[in-house]
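K.L.:
got a predicted model here, sequence first, then my questions.
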Amino acid sequence: MIAVFGPFCFNLDTLEIRKHGVRLRLEEKPARLLACLIERRGAIVSREELRNSLWDDSVNLDFDHGLNKAVNKVRTLLGDDVSEPQHLETLSRRGYRFIGQVEFIADAETVQIRAAAEPYVEPGQGQIGRSVDHGDFSVAVAEPPPETVSSNERSTRLVLFGNRHRERRSLWTLVAISAAVLVIVAATFFARFNRTQAAVTVRAVITLPADLHLITRGEGGIAVSPDGSQVVFEAAGPDGRTRLWLRRFDSLTPEAISGTEGGSFPFWSPDGQSLGFFTDLELKRLNLSNHKVVILCTADSGRGGTWLKDGTILFARETQSPIFRISAGGGTPVPITHLDLKRYTTHRWPVILDDQKHFIFVAANHDESSRPAALFLASLDGGEPILLGEADSNVVSVHESLLFLLHGKLMAQKLDLNRSRLNPHADIVADGIEYDSGSWYGTFAASTSALVYQLRPERREQQEISWFDATGKKLGTAGQAGIFGAVSLSPDGKTIATVCGDPEFNICLMHADGTVTQVTQHGLAGSLAWAPDSSALSYTVHKGHTISTFIKQLNDAVPERAVMDGSDYAGIVSWHPDKRHALVLREAANGAREATVLDFGSGRMSSYLPAQARLLDARFSPDGRWVAYQKAWNGTDTVYISSYPKPDKTYQVTATRAVAPRWRGDGSELFFLGPDEVISAVSVTLAGDKLSISTPRQLFRAPLYPLASDYVAYDVSREGTRFLVDTSGAGDRSELVLATSWRP
């Protein structure tokens, strides 16, 4: 059922809303709230009724805060003034009421037919054009000229191909129209017949081995070779490590690509002999013949690249950056697009076109979820990029068409490069494609002969939070299966904090009685750290270029309190036992990080560890005299322990790979993830003012769900005998669909 009011069309079944035909983004809770109010239009709906309708009984919530945010998002989307509402009326202490005039239409097809019956003529071509503001750009909407015909003549108009024409009563005109229609129908039939006879599209499911886990959410990415003979993708192998894998279409066995550990978002060289890819901090190039890896430049969580025939690479250097260019041999990246933060906070997923002079990129805004992402056409010679239209995802250029996700469907739309615009007609190539809205990335790739994509799982419960003992025996699960991005156990062992949800990332608390409390309604939250007495939890919220750190008290209904804002803070990683200080990681130049100490009382920051590569985790010891942290050493992540408050004594825990240090509650042991995701431990003994650290001993291989950051996927109980691990759930699967001889 479609509700039409003012310039808006709202699908009550799919919760999709459009304004002047342009789809807007509205999160699930605000959309459901709007649907509830429209369905009861004219009636007062109390806050308690909205709570029962929108929130599950099993999930506790800071309800007033959550509902207020949902109402504000709806009001902002509709452009309503709370003092003079046109659609949503607030009645103090009583509830809300939808007061706008609503017309209900049975289905979306009827809406499309009605829209097609409206005239559209380019402004200046016989009609008066007006401009409807849509975020950062204007959409041309045609308005008819003043009527100069009689009412009888107006009633006999014929709509043909989206334009109104006065019906001619001449027999010859009717014959001409009929003949034209027959010609078009016949041409369409024979074109489809010939295309069908030329090639038959064959689709087959590629099921990966049981010990290979496809990575497509948060990081990951797939890419088909230029000749369409193979596909490369990110996956976690039997050792638990993520790397790039190669699957040749004439083989049944994927091959691990050495040298690509931690690699994501791969892209091919034009000759198919090399790969470009990103790690957490770098853009790299790999020669497939000898597996030689070259670091091209630093890139903090890069978002897509494309390789030109002249040896140039275009890429998005960070999650919030313009498009850069660099030589495939390395050098200094040079920006080639300008990022206007008032319009878009990111340019990403660049794709070079066949002429090797133009490229497409996706522009999106992290701060405004209601604003759709957009495709832009740009030239290597410079000039202002040209808006092509709306898109939900990355884009692939093939068959003179652009492939991208829109409204959940994989679309193919011809690009008229001479006129710098897309053909109005678009083909639906596939439906139900896996999609990560947090990064505007769909799991699909194509060449002229092969299309590969991942279908969205029927069940989203891909992960479970599980308990294990020190031998690796599973003891049970905590809470229900779901989508998680991090786990953190409170010091008293009674509460589990998680980053929960998809596509939004909020903070949830799993309690000992099995109930779950959703703490935030922000949508991009992370970086969990507990107060030493388990009374509070700190976390970060990403808002565009600003990262805000909040503290939430758990024993009362007080809203979170902001303690830190900035574009260079990675957030609080550990509280000192005195509850007055906390370790904060801070972004420095070239992707390095420094550890600083925040004084909660004064708000002052003081330096602790200087900036260094891959300083990703740090934890105070239970007595507050030492800090265990993870950083790079000779290109390998490992764990160190330094004295506090001054790091004048430093000990290297292991020379092999080690990440994610966790202290036992009494400080006598330090746990970490060793090679192949094996949870290991060392004994830590204080001898005078020095530490004695034992040889590492392996406990068990943790079956971690492969996240972009494995150091947030496990935790240890205070007594050091139980381990909390984010594992794969029943809804998880690793399959790809291969379509051959396909054409849009």
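P.N.:
Great, that's in hand.
K.L.:
contacting residues for residue 237?
P.N.:
Contact analysis of residue 237 by C-beta atoms under 8 Å, 6 or more residues apart in numbering lists 211-212, 243, 245, 256. Every C-beta, even on glycine, is put in place using the N, C-alpha and C of the backbone.
K.L.:
need the buried ones from the residues you listed selected in PyMOL.
P.N.:
Here is the PyMOL command that picks out the buried ones among the contacts of residue 237, judged by 16 or more other C-beta atoms under 10 Å:
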select buried, resi 212+243+245+256
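K.L.:
now, the contacts of residue 237 that are in strands?
P.N.:
When DSSP state E is applied, these are split such that 243, 245, 256 fall in strands.
K.L.:
coming back round to it: spatially, which two of the contacts of residue 237 are the most separated?
P.N.:
The two members of the contacts of residue 237 with the most space between them (C-beta to C-beta) are 211 and 243, at 13.5 Å.
K.L.:
now stretch 659-671: mean pLDDT?
P.N.:
Across stretch 659-671, the average pLDDT comes to 95.
K.L.:
distance from the chain centre to that stretch, please.
P.N.:
How far stretch 659-671 lies from its chain's middle: 32 Å, per C-alpha atoms, centre = their mean, to the nearest Å.
K.L.:
what are the buried residues along it?
P.N.:
Residues of stretch 659-671 classed as buried: 659-664, 667, 669-671 (neighbour count, 16+ other C-beta under 10 Å).
K.L.:
give me the subset of these lying in strands.
P.N.:
Counted as lying in strands by DSSP E, out of the buried residues of stretch 659-671, are 659-663, 669-671.
K.L.:
can you add distance to residue 554 and give those back as CSV?
P.N.:
Listed next are those as CSV, based on distance: C-beta to C-beta, whole Å:
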residue, distance to residue 554
659, 28
660, 24
661, 25
662, 21
663, 22
669, 27
670, 27
671, 25
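K.L.:
closest to residue 361 among the residues you listed?
P.N.:
Among these, residue 659 lies closest to residue 361 (C-beta to C-beta), at 33.5 Å.
K.L.:
test my guess that that closest one contacts residue 673.
P.N.:
Yes. Residue 659 lies in contact with residue 673 (C-beta atoms under 8 Å); the separation is 5.0 Å.
K.L.:
pLDDT wise, what is residue 388 at?
P.N.:
Confidence score, pLDDT, at residue 388: 93.
K.L.:
need the three-state assignment for the residue nearest to the spatial centre of the chain.
P.N.:
By C-alpha atoms, centre = their mean, the mean C-alpha position of the chain lies nearest to residue 438, the distance being 1.9 Å. Classification of residue 438 by DSSP: H, G, I helix; E, B strand; the rest coil places it in coil.
K.L.:
over to residue 77?
P.N.:
Once three-state DSSP is applied, residue 77 turns out helix.
K.L.:
who's in contact with it?
P.N.:
Applying C-beta under 8 Å, 6+ apart to residue 77 gives the contacts 17, 24, 26, 30, 370.
K.L.:
bridging residues for the nearest residue to residue 282 once chain neighbours are set aside?
P.N.:
Once flanking residues are discounted, residue 282 sits nearest to residue 295: 5.2 Å by C-beta to C-beta, 6 or more residues apart in numbering. As for beta bridges, residue 295 partners with residue 284 under DSSP bridges.
K.L.:
for residue 295, which residues are in contact?
P.N.:
By C-beta under 8 Å, 6+ apart, the contact set of residue 295 is 282-284, 330.
K.L.:
and the gap between it and residue 635?
P.N.:
Distance, residue 295 to residue 635, by C-beta to C-beta, to the nearest Å: 10 Å.
K.L.:
with residue 412 instead?
P.N.:
Counting by C-beta to C-beta, the gap from residue 412 to residue 635 is 42 Å.
K.L.:
the more surrounded of the two?
P.N.:
Set side by side, residue 412 and residue 635 show more neighbours around residue 412, with 22 against 7, by other C-beta atoms under 10 Å.
K.L.:
which residues of the stretch 151-300 of the chain fall in helices?
P.N.:
151-154, 171-198 (DSSP state H, counting those that start in this stretch).
K.L.:
again, but for the chain
P.N.:
28-39, 47-54, 63-78, 108-116, 151-154, 171-198 (DSSP state H).
K.L.:
cool, thanks, talk later.
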